[in-house]
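K.L.:
sharing a sequence plus its predicted fold:
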Amino acid sequence: MESLLSRCDYIAPEITLRDTGGSWLTVEVDFKSGTGKDSLTQSEVQRLLQTGQSHHRLEGGRIALVPTDEVAEFGEVLRDCQVRQDGNRYRLEKRYRGYFGEALKGTGWALNGRSNWKPPEELVHFEEAKLPARLEKVARPYQKEGIGWLQYLSRNHFGGVLADEMGLGKTLQTLAFLELRRTETKSKLPCLVLCPTSLVINWMEEGKKFAPGLKMLALYGAGRKGYFA
C-alpha cells in the first residue's frame, strides 16, 4: 500500500477569479498536483466524471487522484449560476457572486495568486428593516421581517423567493424593499416587476399608496411598445 501511495499525486483544483469590469467575473479552474509538476486538462477531468473514475495515470507512471465528487458539485454550482463558457474560462454574472462565493468557500479550494477578486470573508448580517414612518404604522411584524430578509439577500448578492399565502402582503413587502433600496443605493436604475395582467392595476394602486416616492409605469397591452420610444 505504501508503495502505491508513493506513486500517487493528489490533484488540488485551483481557482482564478477576475473582475473584468462591468457585470462579469471570469472563473478559471486549473487541476494541478500539490507539487505543481503534473496537471490535468478539463477534458481529462470531464472524462473521469463521465466514467465514474477518480484516478488518472500520468506520464511516467504516476497516478493522479482527483476529488471527482467535489468537482461534480462545483459543476452544479456553475450551472446554477448560468455561466457562459469561453474556452477554458467561465463568465459569471456578478449578480450570482454572493452565492458563488459562499459555495466556493465551502470547497476549501485555493484561489490563484492571479485573482483580482475574492469572496467576502463574512456575509452582511440580517438586520430589521428601518422603515419610513408611514410604513412603520401599517407593516405587521412578519412583514417587517420579510422586508429585512429581502435587504439581507440583496446586500449579500443572493437571490430568493418571498413565498406566503395570498393576501398577506407580499406586494407591500416588495414595494417597501424597492423603495428602501433606491434610498440606500441612490440608484436611478429601474426595477422590473412581472405579474399577471389581472394584477397590474393592483400593483399600481398599492405603489401609490405604500411607496409614493417610486415612479411606476405599467407596461401592458398592444400599445406598450410606445413607452420605449
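P.N.:
In hand now; what should we look at?
K.L.:
assign a three-state SS to Arg18, would you?
P.N.:
Using DSSP: H, G, I helix; E, B strand; the rest coil, the structure places Arg18 in strand.
K.L.:
any idea how far the most centrally placed residue in the chain is from Leu78?
P.N.:
With distances taken as CA atoms, centre = their mean, Tyr96 lies nearest the centre of the chain, 2.2 Å away. To Leu78, Tyr96 is 10 Å away according to CB to CB, to the nearest Å. Bear in mind the C-beta positions are built from the backbone N, C-alpha and C, glycine included.
K.L.:
try Ala211
P.N.:
Applying CB to CB, the value for Ala211 to Leu78 is 37 Å.
K.L.:
one step back: state the pLDDT value of the residue nearest to the centre of the chain.
P.N.:
On pLDDT, Tyr96 comes in at 87.
K.L.:
hmm, Cys81 and it touching each other?
P.N.:
Yes. The pair Tyr96 / Cys81 is scored as a contact, 4.0 Å apart, by CB atoms under 8 Å.
K.L.:
would you double-check that Lys32 falls in a strand?
P.N.:
Yes. If the criterion is three-state DSSP, then Lys32 is within a strand.
K.L.:
what sits against it?
P.N.:
Ile11, Ala12, Glu14, Asp38, Ser39 (CB atoms under 8 Å, 6 or more residues apart in numbering).
K.L.:
wasn't the second one part of a strand?
P.N.:
Which is Ala12. Yes. The assignment for Ala12 by three-state DSSP puts it in a strand.
K.L.:
which residues does it bridge with?
P.N.:
Applying DSSP bridges to Ala12 yields these beta-bridge partners: Lys32.
K.L.:
distance of it from Gly113?
P.N.:
14 Å.
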